[in-house]
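Colleague: I'd like to go over a predicted model; first the sequence, then the structure.
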Amino acid sequence: MAGIYVHVPFCMDKCTYCDFASYPKEIGKAEVYFGCLYREIKERAAMLSGKSFDTVYIGGGTPSCVDAKYISGTMKRIRECFPLPNGAEITVEINPGTLDERKLDVYRAAGINRFSLGLQSADDGMLRRLNRIHTLDDYLRCARLLEGENFNADALIGLFGQTAADLERTLSVIIGSGASHISMYALRPEEGTPIYSDYLNGDLPDEDTVADLYDFGVDFMRNRGFLRYEVSNFARDGKRSRHNMNYWKRGEYIGFGAAAASHIDNRRFINTDVIDEYVSCILNGYFAEASSELVEGDEIRSEYIMLTLRTEDGIDAEDYKKTFGTPFEVQFRRELKNNADYLDLSGGRIRIKPQYMFVQNSIICDFLS
Ligand code: SF4
């Protein structure tokens, strides 16, 4: 089964660390944007009739900052064009400063059954410093509205002066609020974002401190029933994100909207991240692809290894052999020997040992062509 991603490129304001395709000043274009999005969904569907989809993820940006009618309109159009099965996982991202009861009712009526809240930190001073628009109280109010629902909350590590006690507070708030899933991401200061100069100034924690925070967070969550299933993702039993698991299994997905990425029939393509360009393409009868690449041969193998080794399940040796024709241990005899200390080869799987998950990139690199 494949996934559907929808990108909403609007936010109320720009966070200091954000380099995503989100444009607070362009929120006035929501009407024309969603009109084009509905059209793109319909036109793509005609080319995807042989595929089945069972997850939808509406992300951004901040989907909850636009009128809820656009989210329900998007779901209506998706259902008209793609027959989603009963039990499809349908997620919407929410900024805690932008949800109210009415909006939530519209989301529920549209069949949304999973929510993802961007808390990031339980410290209001830190939230202000990151230029987040919400407060801890906003988050707690949102979580109360979502009582009994299946929801994720995001936590950032690597923040200014962040200590294990700070992280413990954030994770305790999330767990106490009823979340079933936690995404704990390390802040990556990207060039061109305001926080990059703080990074250059040495105002952010160094790599070792971030790695210690990560290890602390992993232990803290595990002891409270949140098990890691991917390097940054932790869930209670049965609450893994099916949509994201599909990405890490190198599954297929179609992306709609500006900056949305797709992977269909071994072709990876991505829409322009410029809203006006996206709108203009769709209104003129074109898809808004800015780049497209056919993934072939060894690249497929590299992607498969890179994505599956990020997960706690790792590589299924049988599946690898079936997919690529050669046993993994034969293909990578030398690399397996070089990385023996970091890998667990038990149970017919190739996994990165838990204590090395945070530095998995340097291990995975050895196995890429
Ligand atoms: S809410 Fe998310 S997408 Fe919007 S500016 Fe902040 S980090 Fe970026």
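Modeller: Sure thing, it's come through.

Colleague: Low-confidence stretches in the protein?
Modeller: 369 (pLDDT under 70).

Colleague: Give me the domain ranges for it.
Modeller: Annotated domains of the chain cover 2-247, 298-367 [automatic domain parsing].

Colleague: Comparing those domains, which comes out most buried?
Modeller: domain 2-247 (a mean of 18; mean count of other C-beta atoms under 10 Å). C-beta here means a position set from N, CA and C on the backbone, and glycine is covered the same way.

Colleague: how about JSON lines for the domains of the chain, with distance to the ligand added?
Modeller: Converted to JSON lines, these look like this (distance: least, C-beta to the nearest ligand atom, whole Å):
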{"stretch": "domain 2-247", "distance to the ligand": "3"}
{"stretch": "domain 298-367", "distance to the ligand": "21"}
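
Colleague: what's the closest of those domains to Asn266?
Modeller: domain 298-367 (6.8 Å; C-beta to C-beta).

Colleague: mind checking the end-to-end distance for that closest one?
Modeller: Taking C-alpha to C-alpha, to the nearest Å, domain 298-367 runs 11 Å from one end to the other.

Colleague: And for stretch 185-205?
Modeller: End-to-end distance for stretch 185-205: 14 Å, by C-alpha to C-alpha.

Colleague: Quick one: residues in contact with it.
Modeller: Here stretch 185-205 makes contact (C-beta atoms under 8 Å, 6 or more residues apart in numbering) with 16-19, 130-131, 154-162, 210, 213-214, 232.

Colleague: for that stretch, the distance to its chain's centre please.
Modeller: 20 Å (C-alpha atoms, centre = their mean, to the nearest Å).

Colleague: Then stretch 220-234?
Modeller: 16 Å.

Colleague: Kindly export that stretch (C-alpha atoms) in CSV.
Modeller: Provided in CSV are the C-alpha atoms of stretch 220-234 (Å, rounded to 0.1, in the frame of the first residue of the first chain):
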residue,chain,number,x,y,z
PHE,A,220,13.4,8.1,29.8
MET,A,221,10.8,7.2,27.1
ARG,A,222,11.6,3.5,27.1
ASN,A,223,11.0,3.3,30.9
ARG,A,224,7.6,4.8,30.3
GLY,A,225,6.5,2.5,27.5
PHE,A,226,7.6,4.5,24.4
LEU,A,227,9.8,2.3,22.3
ARG,A,228,12.0,3.6,19.6
TYR,A,229,11.2,2.2,16.1
GLU,A,230,13.2,4.7,14.1
VAL,A,231,16.1,6.9,15.1
SER,A,232,13.8,9.9,16.0
ASN,A,233,10.5,8.2,16.6
PHE,A,234,9.0,6.5,19.6
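
Colleague: other SSEs contacting the helix or strand where Val330 lies?
Modeller: Using DSSP states H and E, Val330 sits in helix 328-331. Judged by 3 or more C-beta pairs under 8 Å, 6 or more residues apart in numbering; DSSP states H and E, helix 328-331 is in contact with helix 317-324.

Colleague: Touching the helix it packs on from outside, list them.
Modeller: By C-beta under 8 Å, 6+ apart, helix 317-324 touches 301, 304, 327-329, 331, 348-350.
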